[in-house]
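Student: one predicted model, sequence on top.
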Amino acid sequence: MNRIIKIGMDVHSTNYTLCAMEPTIGTEDRVFGEIQVAPDYKEIIL
C-alpha cells in the first residue's frame with residue numbers, strides 16, 4: 001500500500017506554522033502534527 005504524506009509550511013514574519021498530513025478520499029484528512037515556531041530557520045532544521 002502506498003501512502004502520500006504531505007508536509008506544509010506557512011511562513012509569516014511573526015511565526016512559522018509547520019504541518020504533516022495524509023490526504024484521504026471520502027473522509028477527513030489525517031493531520032499528524034501542527035506546530036508554530038519562531039521565525040528563525042534554526043527552529044526548523046533537524
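Tutor: Nice, thanks for sending it over.
Student: thought residue 4 was touching residue 20, still the case?
Tutor: No - at 11.4 Å, residue 20 and residue 4 do not qualify as touching, with contact defined as CB atoms under 8 Å. Yep, even glycine has a C-beta here, placed from its N, CA and C like the rest.
Student: which one's more surrounded, these two?
Tutor: residue 20 (14 against 8; other CB atoms under 10 Å).
Student: what's the distance between that one and residue 11?
Tutor: 16 Å (CB to CB, to the nearest Å).
Student: also residue 22?
Tutor: The span separating residue 22 from residue 11 equals 22 Å under the rule CB to CB.
Student: and the residue sitting nearest the centre point of the chain, what element?
Tutor: With distances taken as CA atoms, centre = their mean, the residue of the chain nearest its centroid is residue 19 (1.3 Å). Applying DSSP states H and E as the criterion places residue 19 in strand 16-22.
Student: with just CA atoms, put that strand into CSV.
Tutor: Written as CSV, here are the backbone C-alpha positions of strand 16-22 (Å, rounded to 0.1, in the frame of the first residue of the first chain):
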residue,chain,number,x,y,z
TYR,A,16,6.2,29.7,11.0
THR,A,17,3.5,27.0,11.1
LEU,A,18,4.6,23.5,10.2
CYS,A,19,2.2,20.7,9.4
ALA,A,20,2.3,17.0,8.4
MET,A,21,-0.9,15.4,7.0
GLU,A,22,-2.2,12.5,4.9
